[in-house]
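Colleague: Predicted model and sequence below, questions to follow.
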Amino acid sequence: MRARVRRPLRRRAEKRSRPVRLVAAVASRTRGGFKPQRGNVVRTGYRAVLEQLVADGVTHVFGNPGTVEQGLLDEFGDFPEINYVLTLQESIAVMAADAYARAARKVAVVQIHSSPGLGNAIGALYQAKRGHAPLLVIGGDAGVRYAAMDAQMAADLVAMARPVTKWATYVQHPSSILRVLRRAAKIAATPPMGPVYVCLPQDILSGEAVETATAASPPSTRVSADPALIAEAAGKLASAARPVLYVGDGVAWSGAQPEVARIATLIGADVWGVDNGDVNLAATHPMWRGQTGHMFGEHSLPIFRSGDVNLIVGTYIAPEVFPELGDVFAEGAFGIHIDLDAEAIGKNHPVDIGLAADPKTTLQQLGDAIEQRLTAAGRSAAAARVKASAEARSRERDAAIAADAARADQTPLPFSRFMSDFARAMPPGTPIFDEALTNSPALTRYAPPVDPSAFFQTRGGSLGSALSGGLGLACARPGQPVVAFSGDGGAMYVFQALWTAARHRLDVKYVICNNRSYRLLQVNIQQYWAQAGVADRPFPLSFDLSKPELDFAELARALSVPARQVRTQGEILPAIEAAFAEPGPFLIDVVIEGDVHPELIGLRCGQ
């Protein structure tokens, strides 16, 4: 559905009849953009901003309106090529744009309100910065003329945005509006990518804009590395006995998944994901081992110490919440690091070769150099490692599926019982946004991530990314359903995102893993207890969401999204069939097993 600001027909007719000294359509299209027309017609910054977005190929703006942005929002009706996706809270707009940028592989645009709106967006912007999502965030302000008044909603907006963005600024004169927007888009799209914030004061936008709207010019980053260093790295990898690859989302943005797969197979290297949310190697590849820890360095340490030659690509080591403070690699291990983010190379732990270069280009050259240096014995040893890993992974998967089958009749349902049916019914190639968290292993067991364009996980730590992210995926993948998996705790952060899906008829199938708790916190505190030598005891009641019980199906219907709740095996298939038969959004509330104690929750303050 096209999201446009609808105006009464009479008002449109009145606007066209106004004198030309007021705002009117004042720009003509030229090759590559819009050129201002001269004469007595005034072209305001409001219109110029939207002309710039059109010149940059923007088709969607995710936003939440405010009074100081009213002039800009008023112009959207004259730009049918831009779909304004209305969200009901700024963090939803940012996280939806984050998913859109990742799925569409381009800069996504967000429009937010001034100080309260920016405050609402801070957590989501932090997540976008951690995940290197290229977002152009435009925010409103009452005007430079009011800066000295300490008026309502006054704040240092640039200072607020700076810690959670790659770049933050405000436009100081109408003659520089488009120049600043182009610079911001270029910065967002240039590795290391990230969100940028541009404050557009109302009195600046209401002035005359004289710049031509032309597309921004982010540079090509298909840069290769020093051939001598590639040769040295290839020699080390070709002769390694225990090579290990660590990959992050710099691989996905570069499109280097085939090159990672080639090298992993060539040298028989284990491949681990680090701080990633995209598909950097198909989960079905025999050398894929999963992700390193996200919480405690103790979990990741044995992994990092397993290799004698370590190749790090498109990420850094190691970004857990509580990382290991000492050396993490085995003594004498050789380290190679490839990334377009030069700051990430050797960031926490030294490496022997650091290559600030494009992952795809460099891995192509590195793979060719390895081929030339592999001996017959080396090829045989690598093939044996690949074969052994494939067999071990097959056994592990068979054992996990057998364990799922042994629990399938339990009530409440294990999520694996639901997911096995859902994966069979889901159309091939359906894009997935995974914020299932503790239920993600069951999800990926039955729907293994293999397509880089069709699987995205939460990253950065902010809850609520799936319900919001489903909006962005649906906008980037029109004409096909998308699926967003969320935990119950995360869903409640942004549940109003469903209203946006209903308003714009976005084909998102929402699945809520409803275990009536913050299960991830329960898992983390168990690790904390083990680390501190504390005996197991009941979880804090602040982790329990069972009283009062959350009925997500009822909540969804209140937001005009059809829904079903699933509690038994017999309800699974009818709910799935209803979801995929619905042409718009649909929600399935899957009530699954959880460690909850509603009988312990009283009425005392603090519980």
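Modeller: Looks like it arrived, so ask away.
Colleague: drop to CA atoms for contacts and neighbour counts, all remaining ones
Modeller: Will do.
Colleague: right, and Ala264 touches Asp270 too?
Modeller: Yes - counting by CA atoms under 8 Å, Ala264 does reach Asp270; the two are 6.9 Å apart.
Colleague: what do the two both touch?
Modeller: Listed as contacting both Ala264 and Asp270 by CA atoms under 8 Å, 6 or more residues apart in numbering are 245, 287.
Colleague: Dump the C-alpha coordinates for stretch 468-477 into PDB.
Modeller: Extracted in PDB, the C-alpha atoms of stretch 468-477 (Å, rounded to 0.1, in the frame of the first residue of the first chain):
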ATOM      1  CA  SER A 468       9.900  -3.600  13.800                       C
ATOM      2  CA  GLY A 469      12.300  -5.400  11.400                       C
ATOM      3  CA  GLY A 470       9.400  -7.300   9.900                       C
ATOM      4  CA  LEU A 471       8.100  -4.000   8.600                       C
ATOM      5  CA  GLY A 472      11.400  -3.200   6.900                       C
ATOM      6  CA  LEU A 473      11.800  -6.700   5.400                       C
ATOM      7  CA  ALA A 474       8.300  -6.500   3.900                       C
ATOM      8  CA  CYS A 475       9.000  -3.100   2.400                       C
ATOM      9  CA  ALA A 476      12.200  -4.400   0.900                       C
ATOM     10  CA  ARG A 477      10.600  -7.600  -0.400                       C
END
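Colleague: Give me the mean pLDDT for that stretch.
Modeller: On average, the pLDDT along stretch 468-477 is 98.
Colleague: roughly how far is it from the heart of the chain?
Modeller: Mean C-alpha position of stretch 468-477 versus that of the full chain (CA atoms, centre = their mean, to the nearest Å) differs by 11 Å.
Colleague: So Pro428: helix, strand or coil?
Modeller: Assigned with DSSP: H, G, I helix; E, B strand; the rest coil, Pro428 falls in the coil class.
Colleague: Which pLDDT value belongs to it?
Modeller: Reported pLDDT for Pro428: 94.
Colleague: so what secondary structure elements neighbour the longest helix that the chain contains?
Modeller: Determined from DSSP state H, the single longest helix within the chain is helix 376-407. Here helix 376-407 touches helix 257-267, helix 415-425, going by 3 or more CA pairs under 8 Å, 6 or more residues apart in numbering; DSSP states H and E.
Colleague: Just the CA trace of the first one, in CSV.
Modeller: Extracted C-alpha coordinates of helix 257-267, given in CSV (Å, rounded to 0.1, in the frame of the first residue of the first chain):
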residue,chain,number,x,y,z
GLN,A,257,30.1,-15.5,1.2
PRO,A,258,31.3,-17.6,-1.8
GLU,A,259,34.9,-16.6,-1.1
VAL,A,260,34.6,-17.6,2.5
ALA,A,261,33.1,-20.9,1.6
ARG,A,262,35.9,-21.6,-0.9
ILE,A,263,38.7,-20.9,1.5
ALA,A,264,37.0,-22.8,4.3
THR,A,265,36.8,-25.9,2.0
LEU,A,266,40.2,-25.5,0.5
ILE,A,267,42.0,-25.5,3.9
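Colleague: just checking, next helix/strand downstream of that helix?
Modeller: Per DSSP states H and E, the first helix or strand lying C-terminal to helix 257-267 is strand 270-273.
Colleague: Given that following strand, what are its sheet partners and their directions?
Modeller: Partners of strand 270-273 in the sheet, by DSSP bridges, are strand 243-247 (parallel), strand 288-291 (parallel).
Colleague: Contacts made by stretch 374-385 with the rest, please.
Modeller: Here stretch 374-385 has contacts from 238-239, 265-269, using CA under 8 Å, 6+ apart.
Colleague: The same query, at a cut-off of 7 Å, please.
Modeller: 238-239, 266-268 (CA atoms under 7 Å, 6 or more residues apart in numbering).
Colleague: How about stretch 320-337?
Modeller: Contact with stretch 320-337 is made by 233, 293-298, 301, 304-313, 345, 351-355, as judged by CA under 7 Å, 6+ apart.
Colleague: Which stretches in the stretch 101-250 of the chain count as strands?
Modeller: 108-112, 135-141, 167-170, 196-201, 213-214, 243-247 (DSSP state E, counting those that start in this stretch).
Colleague: can I get the ones you listed in CSV with mean pLDDT and mean neighbour count?
Modeller: Listed next are the strands of the stretch 101-250 of the chain as CSV, based on pLDDT from 0 to 100; neighbours: other CA atoms under 10 Å:
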stretch, mean pLDDT, mean neighbour count
strand 108-112, 97, 27
strand 135-141, 96, 27
strand 167-170, 97, 19
strand 196-201, 97, 26
strand 213-214, 96, 24
strand 243-247, 98, 25
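Colleague: And the helices in the stretch 501-607 of the chain?
Modeller: Along the stretch 501-607 of the chain, the stretches classed as helices by DSSP state H, counting those that start in this stretch are 519-532, 552-558, 572-581.
Colleague: What of the stretch 101-250 of the chain?
Modeller: So, for the stretch 101-250 of the chain - with DSSP H, counting those that start in this stretch - the helices run 115-130, 157-161, 177-189, 202-205, 227-238, 249-254.
Colleague: now these in JSON lines, with mean pLDDT?
Modeller: Listed next are the helices of the stretch 101-250 of the chain as JSON lines, based on pLDDT from 0 to 100:
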{"stretch": "helix 115-130", "mean pLDDT": "96"}
{"stretch": "helix 157-161", "mean pLDDT": "96"}
{"stretch": "helix 177-189", "mean pLDDT": "98"}
{"stretch": "helix 202-205", "mean pLDDT": "93"}
{"stretch": "helix 227-238", "mean pLDDT": "98"}
{"stretch": "helix 249-254", "mean pLDDT": "97"}
